[in-house]
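[1] Quick one, structure for this:
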Amino acid sequence: MSSTPVVPLTVGFDLDMTLLDTRPGIRATYVALSAETGTHIDADLVVTRLGPPLLEELANWFPAERLPAVVTRYRELYREHAFAPTVPLPGAHAAVEAVRAHGGRVAVITGKYEPNARLHLEHAGLRADALAGDLWAETKGEALREQGAGVYVGDHLGDIVGARHAGAVAVGVATGPYGADELLAAGADVVLADLTGFPAWLAGYVGSRADRVSDAS
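    All right, here's what the predicted structure looks like:
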């Protein structure tokens, strides 16, 4: 009797407030942008609602005709202010290594500008096998599908949308703007307090995949 092949394990992770606490660096960048442009920006408010695309946030503070130039300047200032104060969230390194321990690939799928996301990963000592940036909600799902990701881990309701769009298991982490109840209500399959619980969850998930394949063979 032939056995059913196991689909290679690929796990996607969001970046901001999932793998990294980027709030201090983002706040510092907005403070610098506000000072340089003379435009009031409530940086403390901004960091409470990270997730949606940069353009959407900047549109709260600048008129449409200024947005292209302001986006470019923000991304330049980001490189000066954001990396040093950013730190991995609890369990981030162990979560990534847990995927590799099971022979899997790590794909970071983020709304952040991809070159800056890459620098963040390098600064934090986190290695991704694939990286895709400038994505949100359904477009995250498209990238997850392209990578063959069976799991997507994120802190935002938009991450749950992306996982669902890709047909991936949606793992919420309550380290961002939403609590466990909100993530579950949005369609998360499981919610963890933070990534410290991810290796144990992944071990169970990998075991259940193997059992399903065995049963089908």
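[2] lowest-pLDDT helix or strand in the chain?
    For the chain, using mean pLDDT, DSSP states H and E, the weakest element among its helices and strands is helix 198-216, scoring a mean of 82.
[3] Using the three-state scheme, assign Leu131.
    When states are read from DSSP: H, G, I helix; E, B strand; the rest coil, the local structure at Leu131 comes out as strand.
[4] mind checking pLDDT for it?
    Among the per-residue scores, Leu131 shows a pLDDT of 98.
[5] now Leu45
    Note for Leu45: predicted pLDDT of 98.
[6] ok, how many other residues are close to it?
    Using other CB atoms under 10 Å, the number of residues around Leu45 comes to 11. No exception for glycine: its C-beta is placed from N, CA and C like everyone else's.
[7] Can you give me the domain boundaries for the chain?
    Under the assignment automatic domain parsing, the domains of the chain span 10-21+87-216, 23-81.
[8] looking at these, which is buried most?
    Mean neighbours per residue, mean count of other CB atoms under 10 Å, is largest over the domains of the chain for domain 10-21+87-216, with a mean of 20.
[9] How far does that one sit from its chain's centre?
    The chain centre lies 6 Å from the centre of domain 10-21+87-216; the measure is CA atoms, centre = their mean, to the nearest Å.
[10] Ignoring the adjacent residues along the chain, who's closest to Val31?
    Ala43 (5.1 Å; CB to CB, 6 or more residues apart in numbering).
[11] Can you pull the phi/psi pair for that neighbour?
    In terms of degrees, to the nearest 10, the main-chain angles of Ala43 are phi -60, psi -30.
[12] Now do the same contact list for it.
    Remark: with contacts taken as CB atoms under 8 Å, 6 or more residues apart in numbering, Ala43 is in contact with Ile26, Arg27, Ala28, Tyr30, Val31, Ser34.
[13] average pLDDT for stretch 169-181?
    The pLDDT scores in stretch 169-181 average 98.
[14] got a list of contacts for it?
    Applying CB under 8 Å, 6+ apart, the external contacts of stretch 169-181 come out as 16-18, 21, 48-51, 89, 150-157, 159-160, 163-164, 183-184, 186-195, 198, 201, 205.
[15] Can you list which of these are found in strands?
    Assigned to strands by DSSP state E, the following of these qualify: Asp21, Val151, Tyr152, Val153, Gly154, Val190, Val191, Leu192.
[16] which sections of this protein are below the confidence cut-off?
    Per-residue confidence of the chain (counting by pLDDT under 70) places the weak regions at 1-6, 210-217.
[17] which residue packs closest to Arg118, ignoring adjacent ones?
    For Arg118, the nearest residue in space outside its immediate sequence neighbours is Leu131; the separation is 6.0 Å by CB to CB, 6+ apart.
[18] helices or strands next to whichever strand or helix holds Thr139 in the packing?
    Using DSSP states H and E, Thr139 maps to helix 138-147. Contacts defined by 3 or more CB pairs under 8 Å, 6 or more residues apart in numbering; DSSP states H and E place helix 138-147 against strand 10-13, strand 105-109, strand 130-132, helix 157-166.
[19] Given the shortest one, what are its sheet partners and their directions?
    Read that as strand 130-132. When pairing is defined by DSSP bridges, strand 130-132 lines up against strand 105-109 (parallel).
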